[in-house]
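Peer 1: Fold the following, please.
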Amino acid sequence: MNKSQRLVSLLMTLNTKRKYTLKQLAEEFGVSKRTVIRDMQDLETMGVPLFVEYGVNGGYQVLRERTLPPIAFTENEAVALFFACKSLEHYGSLPFDAEAKTALQKFLLSLPDDAKARIERLKERLRFWVPTQKAEQPFLRGLLDAALDRTLLETVYESERGVRTRRMLPLGLYAMNGLWYCPALDAKSGRIRVFRADRFVSVRPAAIEPAERETVARLQTQVDSPLDHWLGPQEDEPQLDLEVALTRRGVLRCQSDAWLESGLQVMDDGTGRIVRKMSESYVEWAAAFFISLGSDARVMRPEPVREQIRSIIAELTPVYKEVTE
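Peer 2: Residues are numbered from 1 along each chain as shown. Here you go, the predicted structure:
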């Protein structure tokens with residue numbers, strides 16, 4: 001093994017195990033302790049954040065921000081990765097915003113001039129667009145870390161019903177139409193709810209009393225599943241039959257929504273019908289959406305959605321009866 005190969009292997013070894021003694025590294029690579037010391041100095045020169053602890057229990061370790069070994073990419077792979085990062089630029093907030101920007105800068109600086117020129121030409125012809133949202137979403141990283149560590153959070157959340165304190169276990173994050181959403185297990189009700197990330201006023205780890213530990217441990221076990229498991233209808237959540245008749249224009253509007261489109265049936269004349277199951281918690285959203293389509297959508301069922309639409313119309317009628325001067 002030549003020196004370059006040994007340095008890469010050494011870096012991978014240090015990343016795998018948090019701490020090694022000089023003797024362990026020398027035995028691992030079959031070299032002298034003096035050679036290991038020189039290799040460590042070379043890694044530090046390359047920018048690897050090493051920490052040396054002296055004494056009987058000392059050793060070498062990589063600080064928290066570990067550095068990965070060099071990875072070889074083809075030009076097409078490099079271009080694909082560049083635009084994968086660029087596809088996120090219209091999101092006002094990211095859980096790893098600063099890291100994405102610095103990674104993109106490092107990546108671009110390492111490319112040869114002809115590859116940079118190709119990327120510049122592609123940037124003029126290729127766009128990944130999502131609606132730009134101005135709402136601040138400062139707690140994305142905290143929510144994501146809590147989901148990874150299954151940490152119970154004490155949050156202050158603002159909804160249409162007002163500002164409330166909630167204790168919850170986040171399950172993860174997903175983005176849609178420029179906004180981030182956080183499905184979480186509500187500790188009080190024991191039900192999964194979806195929260196808009198920009199509506200959190202504050203987020204911090206919850207203080208857990210000794211009497212609560214068993215309950216919290218049970219909840220943490222309950223949420224130990226991938227995010228995709230929670231995005232579909234939950235077994236314990238009541239389901240309603242949604243049926244909506246659509247004009248041609250209504251069909252076009254509903255085709256832009258992935259959830260509605262999955263239940264859309266389009267007729268030969270261009271009109272259509274939505275027939276699918278919906279969670280009871282979607283009633284308010286469905287009423288607001290379909291009333292925005294006006295006469296291009298007629299909700300046939302469920303009755304709670306129809307009732308909500310009638311309620312909205314009743315509230316709006318006196319407002320628009322007023323004569324403005």
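
Peer 1: CA atoms for contacts and neighbours, from now on please.
Peer 2: Will do.

Peer 1: Phi, psi for Lys134 please.
Peer 2: Dihedral pair for Lys134: phi -90, psi -10, per degrees, to the nearest 10.

Peer 1: Identify the residue spatially nearest to it, adjacent ones excluded.
Peer 2: Sequence neighbours aside, Gly92 is the residue nearest to Lys134 in space, at 6.7 Å (criterion: Cα to Cα, 6 or more residues apart in numbering).

Peer 1: Could you check how far the one you found is from Leu109?
Peer 2: Gly92 is 24 Å from Leu109, where distance means Cα to Cα, to the nearest Å.

Peer 1: When those two are compared, which one has more neighbours?
Peer 2: Gly92 (17 against 11; other Cα atoms under 10 Å).

Peer 1: which ones are touching that one?
Peer 2: Applying Cα atoms under 8 Å, 6 or more residues apart in numbering, we find Gly92 in contact with Thr132, Gln133, Lys134, Ala135, Glu136, Gln137, Gly178.

Peer 1: Strands of the stretch 201-325 of the chain, start to end?
Peer 2: 239-246, 264-266, 272-279, 297-301 (DSSP state E, counting those that start in this stretch).

Peer 1: Okay, now the sheet partners of the last one, with direction.
Peer 2: Taking DSSP bridges as the criterion, strand 297-301 forms sheet pairs with strand 239-246 (antiparallel).

Peer 1: what angle separates the strand it pairs with from strand 272-279?
Peer 2: Calculated by axes from the mean of the first three to the mean of the last three Cα atoms, to 10 degrees, strand 239-246 forms an angle of 160 degrees with strand 272-279.

Peer 1: what's in contact with strand 239-246?
Peer 2: With Cα under 8 Å, 6+ apart as the criterion, strand 239-246 contacts 233, 271-280, 296-302.

Peer 1: Then stretch 146-163?
Peer 2: 164-172, 199-207, 216, 220, 223-224.

Peer 1: and with 6 Å instead?
Peer 2: 164-172, 199-206, 220 (Cα atoms under 6 Å, 6 or more residues apart in numbering).

Peer 1: before we move on, what about stretch 180-194?
Peer 2: Contacts for stretch 180-194 (Cα under 6 Å, 6+ apart): Arg167, Met168, Leu169, Pro170, Leu171, Gly172, Leu173, Tyr174, Phe195, Arg196, Ala197.

Peer 1: Ends of that stretch, what's the gap?
Peer 2: Per Cα to Cα, the first residue of stretch 180-194 is 10 Å away from its last.

Peer 1: buried ones in that stretch?
Peer 2: Using 16 or more other Cα atoms under 10 Å as the test for burial, stretch 180-194 gives Trp180, Tyr181, Cys182, Pro183, Ala184, Leu185, Asp186, Ala187, Ile192, Arg193, Val194.

Peer 1: and if you look at stretch 165-177?
Peer 2: Buried residues in stretch 165-177 (16+ other Cα under 10 Å): Arg166, Arg167, Met168, Leu169, Pro170, Leu171, Gly172, Leu173.
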